[in-house]
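Enquirer: generate a structure from the sequence data that follows.
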Amino acid sequence: MKRALDRRAEALDTLDGGTFDAIVVGGGINGAVSALALSAHGLSVALVERNDFGSGTSQESSCMVWGGFKYLESRDLKLVAGLCDSRNRLASAYPTRLVETRFMAALDRGAPFPPWFAALGAVAYWGLGRLATQPPRHRSAATIERLEPSVDTSMVRGGIEYSDYLLVDNDARFVSELAIGSTRHGATIANRVEVLDAEQGVGGWQIAMRDRVAGRDLEATARMVVNAGGPDVPVVGELLGSTTEHRLVFSKGIHLVVPRITDSGRILAFFDDDERLFYVLPMGERSVIGTTDTPVDDPQVAVTAEDRTFLLEQINARIDRGTPLGEADVIAER
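Expert: Numbering: from 1, shown residues only. Predicted structure coming up:
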């Protein structure tokens with residue numbers, strides 16, 4: 001069996017001087033799935049990533065695969081139906097990587113709508129998802145307290161229980177497996193390869209790259225280039241000389257990893273003081289609390305003391321733990 005470094009060296013040799021139908025720039029979730037889809041349809045594909053596959057935004061998610069429940073608030077039924085369809089197809093294609101998980105949304109007096117209205121939304125969500133999951137249930141405050149004793153129900157008016165999906169392992173591993181899966185259809189993939197320049201000519205795109213490990217310069221030709229740069233889409237677009245109708249607006253979302261809050265395996269959902277959903281997600285012996293939504297100008301972000309304090313205050317106001325969670329309980333941040 002070939003070592004990973006040997007396979008990477010072979011990929012670099014194939015990449016250098018190679019001609020492809022498509023070169024995908026960016027090895028996050030969008031780049032990995034683009035490479036897989038294009039190669040599965042018979043195109044010759046190269047996927048290059050400046051760092052490691054799934055190492056950017058794609059390793060900082062909540063690991064949920066959902067159908068866009070919150071978009072029902074804006075009545076965007078077409079979007080929700082499309083997201084649910086994609087969720088269902090992904091769950092069908094990767095049954096060992098996605099697991100259907102129950103969500104328990106406890107609605108207190110600060111929630112933007114009453115439990116009965118949320119229950120109607122949950123039924124609509126289930127219908128738009130073609131009844132592919134377990135049916136939703138309206139839950140009273142007493143039932144929530146019985147099923148989830150970790151939830152402080154003193155201010156809870158009721159809630160809903162519904163289903164979506166969760167990645168079994170984690171987001172970065174799922175992305176990496178998609179990228180590796182594209183090689184089974186003949187794709188050439190290489191991490192630690194940075195695109196330096198791109199020029200479009202009669203014969204297609206000439207892409208100049210550099211292996212960031214050995215410093216080797218590489219060049220390849222492609223009929224088309226897929227810009228899957230994530231937050232760096234504008235940077236890659238500038239290299240390609242392309243513009244888009246819309247611009248990216250950046251938002252920072254953080255998670256805190258703490259000792260396990262609930263043993264049920266459910267995802268707990270709450271509305272924070274700003275009427276924004278946040279979750280308590282299972283992660284083995286731990287729980288993950290998040291996420292926030294803070295507008296930023298620079299995609300290079302870090303967890304701040306203000307972020308940490310906000311999430312801890314929000315969760316402590318909604319769980320019945322005895323001793324409130326403090327900074328000393330934060331095992332990791334993402």
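
Enquirer: tell me how far stretch 3-22 is from the chain's mean position?
Expert: 28 Å (Cα atoms, centre = their mean, to the nearest Å).

Enquirer: list the buried residues for that stretch?
Expert: Under the neighbour-count criterion of 16 or more other Cβ atoms under 10 Å, stretch 3-22 has R8, A9, A11, L12, L15, G18, F20, D21, A22 buried. To be clear about C-beta, it is placed using only N, CA and C from the backbone, and glycine gets the same treatment.

Enquirer: quote the end-to-end distance of that stretch.
Expert: Criterion Cα to Cα, to the nearest Å; first-to-last residue distance in stretch 3-22 is 26 Å.

Enquirer: residues in contact with that stretch?
Expert: Stretch 3-22 is contacted from outside by 2, 38, 43-46, 48, 188-191, 193, 204, 209, 211, 216, 218-226, using Cβ atoms under 8 Å, 6 or more residues apart in numbering.

Enquirer: related to what we said a few turns ago, and which of the buried residues of stretch 3-22 is nearest S287?
Expert: For the buried residues of stretch 3-22, the closest approach to S287 (Cβ to Cβ) belongs to R8, at 36.2 Å.

Enquirer: which ones are touching the residue nearest the centre of the chain?
Expert: Centroid-nearest residue in the chain: S61, 4.2 Å away (criterion: Cα atoms, centre = their mean). Under the criterion of Cβ under 8 Å, 6+ apart, the neighbours of S61 are D171.

Enquirer: picking up where we left off before, which member of the buried residues of stretch 3-22 is positioned nearest G67?
Expert: Where the buried residues of stretch 3-22 are concerned, and distances follow Cβ to Cβ, G67 has its nearest neighbour in A22, at 28.7 Å.

Enquirer: where along the stretch 201-334 of the chain do the helices fall?
Expert: For the stretch 201-334 of the chain, the helices defined by DSSP state H, counting those that start in this stretch occupy 233-240, 305-316.

Enquirer: got JSON lines for those helices, with distance to S287 too?
Expert: Written out in JSON lines, the entries for the helices of the stretch 201-334 of the chain read as follows (distance: least, Cβ to Cβ, whole Å):
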{"stretch": "helix 233-240", "distance to S287": "33"}
{"stretch": "helix 305-316", "distance to S287": "9"}
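
Enquirer: for the ones you listed, which one sits closest to D293?
Expert: Each of the helices of the stretch 201-334 of the chain was checked against D293 via Cβ to Cβ, and the shortest separation belongs to helix 305-316, namely 10.8 Å.

Enquirer: next, count neighbours for A142.
Expert: Other residues near A142 come to 11 when the count uses other Cβ atoms under 10 Å.

Enquirer: and the pLDDT at it?
Expert: According to the per-residue confidence, A142 scores 98 in pLDDT.

Enquirer: that one sits in which helix or strand?
Expert: Remark: A142 resides in helix 141-147, with elements defined by DSSP states H and E.

Enquirer: the residue lying farthest from the centre of the chain and E145, how far apart?
Expert: When distances to the mean C-alpha position of the chain are computed (Cα atoms, centre = their mean), the maximum falls on V202, with 37.6 Å. Separation of V202 from E145 (Cβ to Cβ, to the nearest Å): 70 Å.

Enquirer: roughly how far does the residue farthest from the centre of the chain sit from T221?
Expert: With distances defined as Cβ to Cβ, the gap from V202 to T221 amounts to 11 Å.

Enquirer: could you tell me the end-to-end distance of stretch 236-245?
Expert: End-to-end span of stretch 236-245 (Cα to Cα): 15 Å.

Enquirer: and stretch 48-60, by the same measure?
Expert: End-to-end span of stretch 48-60 (Cα to Cα): 20 Å.

Enquirer: what residues sit buried inside that stretch?
Expert: Applying a neighbour-count criterion of 16+ other Cβ under 10 Å, the buried positions in stretch 48-60 are V48, E49, R50, F53, G54, S55, G56, T57, S58, Q59, E60.
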